[in-house]
Every structure is written in C-alpha cells, then in structure tokens.
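attaching a predicted model along with its sequence, questions to come.
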Amino acid sequence: MITEILRGDNLSPAIDALKKGEVVAFPTETVYGLGADATNSRACQKIFEAKGRPSDNPLIVHVLDIKGLESVLAGSMPKAAAVLTEKFWPGPLTVIVPSNDTIPPLVRGFMPTVAVRSPSHLIARALIAAVNRPLAAPSANRSGRPSPTRVKDVWQDLHGRIPYIIDGGDSLVGLESTIVDLSVVPPLLLRPGFIGLEMLESALGERVLIPGAETPHKAPGMKYRHYAPRAPVIWINMREDHHIERAIVRLQKKFPNMALMAPGKWQRMHSGSFVTLGDTTEDMARQLFSGFRELDQRKPDAIVVVWEENDRGVGLAVANRLGKAAALEVKEEGPEKQVTE
Ligand code: AMP
Ligand code: MG
C-alpha cells in the first residue's frame, strides 16, 4: 500500500477513506492517532493489524462533545462524567463509562465499558464532524514503540501499512491522554496524563484512586511493554548535581556509545549524541518520545535520561512513561553513598 501525507487543508481523501472503512493517521493535541469508524468492527480490525496491537488492548473512542459520549453510553450519565467532561473537554482526558451496543466488542477489548475522549485538535474535530461517527484511535505507532508526536514518527512506523497520514505539525502535549475509570466508585486513575490527579480531584470534590497503590485494579493493555526505544533506557532520577555528574561518568564508562537526554547544562559533560530537555515538566512531556526516537536512530548502546521525578500536574505522567520505558532507574541514596545501578 502506498501511504500519502495530506496537508491539514486537504482532508477530503481522508474523510472518504474513513467513511469507506479505511484507517487514517491524524494529529491530536496529545499524540498522533490512528483512526477508524468506531462503529465499524472491520474498519477497527485494520487498526490492530496496522499497529500489530494485541486484540485484548482496547481503543479510545473520539467524539466531538458530551452528545457524542451519550451516543455510546449505556444507561444514564454518571455524575462524575458530566462534571469532568464539562470541565476538561475538549482536551486530553479520557473517561471510561458503561458502553451500549454502538461500539463493537473489539473496540472495547471485549469488556462492557468504553473509553471516550473529545480531542481539542481542530483537524481531529473536523474529521469526526465530517465522518459523523465516533472515531476509534489509539496512538499511530507500531505496538510497543514510543507514541508518535511528529508526522515523521508516524511515517517511520506505519508507511506502507495505511493509506493516509494527515500533517498537523508537532503534538502540543506529547503524551497520551489521562484515563479515568468512572464505571467504578470511587473513580480510578488508570493512566496519568496532562490533566493531573489533583485537577481531577478538585473538579470532582472527591478522591481519585491510583490502581496498584490502593487497589489491585489494572487497566487492560497496561501489561504490555510500552513507549520503549530499541536501546535500553537508563533513568537518572536525582536532584543533586554532583550525584548526577558522577552517575553520568559511570554510565559513560559502561556504555561508550551512550546517548544523553538531559537539561541543557549537562551537554558540557557529553560529547556523544545529546537531546536537550526543556526546563519545565511540560517541555519534558512534549519532548520525551521524540527525543527517544531521535536518539534511537543513532543506534546508541544506551539512552540515559536525566530528570528528577515529581508528582505535580503532568509530572506523574512523565514519571509513568519514563518508568515504563526504563530498563534501569538510578536513584540517589544519600550524600555519602555511591549511586547504585
Ligand atoms: P491508547 O493506546 O493510547 O489508545 O490507550 C488505550 C488504553 O486505554 C488501553 O491500553 C487501556 O489501558 C485503556 N482503555 C481503553 N478502553 C478501556 C476500557 N473499556 N476499560 C479500561 N481501560 C480502557
Ligand atoms: Mg498507544
């Protein structure tokens, strides 16, 4: 199959393809998505095939607004869904609710619930409106690879496998949406994202639990390896500069061809491949996946990332993605102790 890249002002071929049950990669504010008509099981099957995605890993259904949510919901709207969608839609928040029969079992991972989000990206919205159907769209990468935040990332993973990729520039958020399960009480944060835990809790006026820490519940699909470049990722999760410096030197000895992703001030320590991470956690979120992909192309023997974990706002999401990608995390163990690898 020949893959064509479409400009954002030329959506008709993509709209026609989606109406005919084909898949199309398109930009959203989180990452690029690989979309199909969410009510068409055979169309959605092509998403799984193009990605190499296991069929028990459900897809997120994209709608325009709360009416779109109502159209796939079984029963009455949960109060929490009304509150959160009013506050955060359109935007990077996915809600899990009981599903009616509009959405085929394959899209739901054969569960009675469905994941729904309303993207704010104008191209994504134009497609949903024109096709006049909810669009199922996971990230437009081969399964297990870092999510794509640029057109070239989608091309790298999926060219020859899908008919169209729509160019909408680089993703603003750079990490996948926050997922909150509202089919249970209290709500569960299944995946952290740009909408932080404290934002959800303050909107709802109640606690939102994190699976694992407080419950055994896990999101389906989370068991799979995610977000990983080919080279092993080593995360230096430290605050003190002199500890970071020592860790970098040790790792350089162990991995002579290592690549470094770090705040700009660490470039002086590394003559090999380097990607600068911005100063804020939002910058880090935006650049993490593209940084992985850039460095991976240079075939390093390790990708070392310097970033100190925090749990504010998008910090929880960055820590989650980095934790999943990392083969090794190097932490500070107090001023006297040597770092352990
Ligand atoms: P993505 O790969 O970004 O499309 O995200 C899809 C993820 O959403 C899945 O891997 C699940 O973790 C989660 N998800 C989707 N549908 C459901 C559902 N019905 N119940 C629970 N989690 C879901
Ligand atoms: Mg994905």
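Cool, got the structure. Ligands and ions are numbered 1, 2, ... in the order given.

got any ranges where the stretch 1-150 of the chain has weak pLDDT?
Applying pLDDT under 70 to the stretch 1-150 of the chain flags no residue at all.

who in it is up against ligand 2?
P138, S139 (C-beta under 5 Å from the ion). In short, each C-beta sits where N, CA and C put it, glycine included.

in the stretch 1-150 of the chain, which residue sits nearest ligand 2?
Relative to ligand 2, the nearest point of the stretch 1-150 of the chain is S139 (3.4 Å; C-beta to the ion).

quick check: chain neighbours aside, which residue is closest to the spatially most central residue of the chain?
Most central in the chain under C-alpha atoms, centre = their mean is E176, positioned 2.4 Å from the mean C-alpha point. Closest residue to E176 apart from its sequence neighbours, by C-beta to C-beta, 6 or more residues apart in numbering: T30 at 5.4 Å.

my read: R125 touches L64, true?
Yes: contact criterion C-beta atoms under 8 Å: R125 and L64 qualify, at 6.3 Å.

who touches both of the two?
Common neighbours of R125 and L64, using C-beta atoms under 8 Å, 6 or more residues apart in numbering, are P90.

quick one on the thing from earlier: so how many other residues sit close to the residue of the stretch 1-150 of the chain closest to ligand 2?
Close neighbours of S139, defined as other C-beta atoms under 10 Å, add up to 29.

do you know how far it is from ligand 1?
To ligand 1, S139 is 5 Å away according to C-beta to the nearest ligand atom, to the nearest Å.

the residue nearest to E176 contacts I195, correct?
No: using C-beta under 8 Å, T30 makes no contact with I195, being 10.5 Å away.

next up, the contacts around K19.
D37, V131 are the contacts of K19 under C-beta under 8 Å, 6+ apart.

when you give positions from now on, start the count at 36
In the new count, where the first residue is 36, that last one comes out as K54.

over to Q80. Which of the three states is it?
What DSSP: H, G, I helix; E, B strand; the rest coil gives for Q80 is helix.

ok, it touching V142?
No: Q80 is not in contact with V142 according to C-beta under 8 Å; the separation is 9.7 Å.

and the two? Which one has more around it.
Neighbour count, other C-beta under 10 Å: between Q80 and V142, V142 has more, with 28 against 17.

near ligand 1, which residues of this structure? Just list them.
Taking C-beta under 6 Å from any ligand atom, the part of the chain that reaches ligand 1 is made up of 92-95, 131, 143-144, 146, 148-150, 173-174, 211, 214, 216, 225, 254-257.

out of those, name the ones that lie in strands.
I95, I131, T148, V149, A150, I214, D216, L225 (DSSP state E).

so what's A71 up against?
L53, G56, E57, V58, V59, A78, C79, K81, I82, L170, A171, A172.

thought I197 was touching the fourth one, still the case?
Okay, so that is V58. Yes: counting by C-beta under 8 Å, V58 does reach I197; the two are 5.2 Å apart.

which residue ranges of this protein form helices?
In the chain, the segments counted as helices under DSSP state H are 47-54, 76-86, 101-107, 114-123, 157-166, 186-193, 232-239, 276-289, 316-332, 350-360.

list the contacts for S325?
Neighbour list for S325: T184, R185, D188, D205, G209 [criterion: C-beta under 8 Å, 6+ apart].
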